[in-house]
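Participant: could you look at this predicted model? Sequence included:
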Amino acid sequence: MSEQITTTDNAEQGRFEVHVDGVLAGFTEYTDAVADGVAVRTFPHTEVAEEFGGRGLSKRVIADALDATRAAGSMVRPLCPAVAGFIEKNPEYADLVLG
């Protein structure tokens, strides 16, 4: 039986969440601001629960978060090492990084 993996933007908590079969497995936190007239989403922290490790869930939630950020027309400040590393390994997201 395959797992159902979903991601959601929990704006109230300021994070994108990844769920496995309805159970919260991890998240990447964000804050939104405007700097010099530019919408900026800062990603300070990402974590996946230990029991869900090794399944690529951090990559999934980060990719979905970056896709949503692009769709919202915001730039990205990747303070979280996981987000910065993901962008480095996936150059199609490099244009989102704030100068």
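Facilitator: Perfect, thanks for sending it. The structure presented is a predicted model; accordingly, all values stated were derived computationally and were not measured.
Participant: the helix or strand harbouring residue 47 - contacts with which helices or strands?
Facilitator: Here residue 47 sits within strand 38-48, counting by DSSP states H and E. Judged by 3 or more CB pairs under 8 Å, 6 or more residues apart in numbering; DSSP states H and E, the packing partners of strand 38-48 are strand 23-35, helix 57-71, strand 75-78, helix 81-89. No exception for glycine: its C-beta is placed from N, CA and C like everyone else's.
Participant: how many other residues sit next to residue 19?
Facilitator: 19 (other CB atoms under 10 Å).
Participant: ok, back up a step: with mean neighbour count added, can I get the helices and strands packed on strand 38-48 in a markdown table?
Facilitator: Below are the helices and strands packed on strand 38-48 laid out as a markdown table (neighbours: other CB atoms under 10 Å):
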| stretch | mean neighbour count |
| --- | --- |
| strand 23-35 | 17 |
| helix 57-71 | 20 |
| strand 75-78 | 21 |
| helix 81-89 | 17 |
